[in-house]
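Peer 1: What follows is a protein structure lacking sequence information:
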DNA sequence: ATTCCTGCAAACGATTTGCATACTC
DNA sequence: GAGTATGCAAATCGTTTGCAGGAAT
């Protein structure tokens, strides 16, 4: 497992530090689309000296290399998605939980609407209410 | 024209002030999806004593009443859309210009993906490069 | 040895809040 | 007159930056 990361880091030209390993480990396969603060809290358990600035800098480096995606689904803060494959999101409007949608949608913009834009991609946000909130149990925000 | 706003404000239970009238006037039919700062600059021409806080408070009131929509397309700041009708956005990844897409897309999430979410709506962001940026002329950001 | 990373503190930009004054209803 | 909006300044929150010491290559 560590071996996998080490190779990955070498490949993308980043130095491998314990902090980065922890951040990457927390992100890997994480379906929660955590914020920088979320990540900071999680890795601080292992690394009490960890700085929030380091989290931001690492996330920025990873984003630059295309390893993670920065989401703009939350007006209040950035959230990060480790999934490299193109996908969409289903967002609970109450608790802000985000679920990945790995489905393909063929979308064509009518020519006269598209105008002279060159379309390079799309991202769909589905809105809804998750099972937990519907039952009125928990509420994360 | 003022009459129209006055009625609208009465309807939604907000007091009509010159500042709010100016903000609403600037927003009405505006296709640029301005930020609070943009709005502030624009209305400051008429109202030099206008405060940015007032802009924010007004926008918040309008959003609460469902009169405008807050967009999360820009990680750096909120942008506002006066369009009440459901629509999508075509975003230039270089200059961040946003164009409205008034087209309907029939999107169905596969049952096993949707799970127990109750879907209430969706919003599609198309990404691309606008004609201006493609020609390398202007760049807004 | 060189280059890059960490972590602290300070800086920053967007947004929010408290409050006294002024306005709309 | 009651209730709300304005506008200022200060506070807050997420994020970024500068920099000195430390670690990875």
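Peer 2: Cool, the structure landed. The structure presented is a predicted model; accordingly, all values stated were derived computationally and were not measured.
Peer 1: ok and the residue in chain A nearest DNA strand C?
Peer 2: residue A:51 (3.0 Å; CB to the nearest atom of the strand). Every residue, glycine included, has its C-beta placed from N, CA and C.
Peer 1: what about that residue, neighbour count?
Peer 2: Residues contacting residue A:51 under the criterion other CB atoms under 10 Å in any protein chain shown number 12.
Peer 1: State the distance from it to residue A:14.
Peer 2: Computed with CB to CB, to the nearest Å, the distance linking residue A:51 and residue A:14 is 17 Å.
Peer 1: Tell me the residues on chain A that lie near DNA strand C, please.
Peer 2: For chain A, the residues in contact with DNA strand C under the definition CB under 7 Å from any atom of the strand are A:14-15, A:17, A:19-20, A:47, A:49-51, A:53-54, A:57-58, A:61.
Peer 1: Need the buried ones from these selected in ChimeraX.
Peer 2: Under the burial definition 16 or more other CB atoms under 10 Å in any protein chain shown, those of the residues of chain A next to DNA strand C that qualify are selected in ChimeraX by:
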select /A:14,19,20,50,54,58,61
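Peer 1: so what's residue A:99 closest to, chain neighbours aside?
Peer 2: With sequence-adjacent residues excluded and distances taken as CB to CB, 6 or more residues apart in numbering or on different chains, residue A:99 is closest to residue A:90, at 4.4 Å.
Peer 1: Any idea how many residues pack against the closest residue to residue A:68 other than its chain neighbours?
Peer 2: If you skip the residues right next to it in sequence, residue A:68 has residue A:62 as its closest partner in space, 4.7 Å away by CB to CB, 6+ apart. One way to gauge burial is a neighbour count; for residue A:62, by other CB under 10 Å, it gives 22.
Peer 1: just residue A:93 next, same as before
Peer 2: For residue A:93, the number of neighbouring residues by other CB under 10 Å comes to 13.
Peer 1: residue contacts, it?
Peer 2: By CB atoms under 8 Å, 6 or more residues apart in numbering or on different chains, the contact set of residue A:93 is A:127, A:128, A:129, B:120.
Peer 1: do the same with residue A:86
Peer 2: In this structure, residue A:86 makes contact with residue A:121, judged by CB under 8 Å, 6+ apart.
Peer 1: Please identify the helix or strand for residue A:47.
Peer 2: In this structure, residue A:47 is located outside every helix and strand according to DSSP states H and E.
Peer 1: Tell me who's in contact with it.
Peer 2: Contact analysis of residue A:47 by CB under 8 Å, 6+ apart lists A:18, A:19, A:22.
Peer 1: got any ranges where chain A has weak pLDDT?
Peer 2: Counting by pLDDT under 70, chain A contains low-confidence residues at A:1-5, A:84, A:136-141.
Peer 1: Residues of it that sit close to chain B?
Peer 2: Listed as neighbours of chain B in chain A under the rule CB under 8 Å from any CB of the partner chain: A:70, A:72-75, A:78, A:90, A:92-93, A:99, A:101-103, A:105, A:107, A:109-110, A:113-131, A:134.
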